[in-house]
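Visitor: I would like to see how this sequence folds:
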Amino acid sequence: MSRWLLLAGGVFAVLGASAAAAAPMVRATVSHMCCGACANAVKGGVSGVAWIANVTAEPASKSVTVTAKEGMPIDVAALTAALSKTGFPPQVVVLTGARALDVNVGHLCCGGCVGPLKAALSGVTWIAGADVKPNAPVRLTLKEGAEIRLNELVDAMAKAGYSANGIAVAQ
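Guide: Numbers count the residues shown, from 1 in each chain. Here you go, the predicted structure:
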């Protein structure tokens, strides 16, 4: 089961974690968080996101760290929307614990479509493997421990003439 997330503004990153990793965690860096009042506003703004178990906001690093509730899929789009609505749009989002992503490419009907996309994905250094088939989401296996920047994926796909209509952290 996976949940689709759309790339809305900012730069998103996914960081592969080792097998010994604890509960999935997301860290977002925002452009402004100068004091305790800002930190409390951030905490309050994301408290309604269903999958979030705990929130830590640190003004010194301008970072928000959230952990997922046991068994709940991580929906990064819900987190980024909540942060933006609260007035703290994320600049970078790092997810630990992801091993694979499912990408909805939209039009991918035949070998003529599959070939150029496979070639484009082969140039993205943090992708360990790409299962690209017609009329199906693309499954990307991530290199363990590599920092995964989703903007690199989107840029590589755009150069090949494709767009990511949705990106899901595969469960």
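Visitor: which of the residues in stretch 69-78 are buried?
Guide: 73-78 (16 or more other C-beta atoms under 10 Å). All C-beta atoms are positioned from the backbone trio N, CA, C, and that covers glycine.
Visitor: which of those lies closest to Ala120?
Guide: Nearest to Ala120 among the buried residues of stretch 69-78: Val76, at 22.7 Å, using C-beta to C-beta.
Visitor: verify the stated contact: the closest one with Leu150.
Guide: No - assessed by C-beta atoms under 8 Å, Val76 is found out of contact with Leu150, at 9.1 Å.
Visitor: quick revisit: report the two of the buried residues of stretch 69-78 separated the most.
Guide: Farthest pair in the buried residues of stretch 69-78 (C-beta to C-beta) is Pro73 and Ala77. Separation: 11.5 Å.
Visitor: thinking again about what came up before, mark which of the buried residues of stretch 69-78 are part of strands, please.
Guide: Among these, the subset assigned to strands under DSSP state E is empty.
Visitor: tabulate these (JSON lines), appending pLDDT.
Guide: Formatted as JSON lines, those follow (pLDDT from 0 to 100):
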{"residue": "Pro73", "pLDDT": "73"}
{"residue": "Ile74", "pLDDT": "74"}
{"residue": "Asp75", "pLDDT": "75"}
{"residue": "Val76", "pLDDT": "75"}
{"residue": "Ala77", "pLDDT": "75"}
{"residue": "Ala78", "pLDDT": "83"}
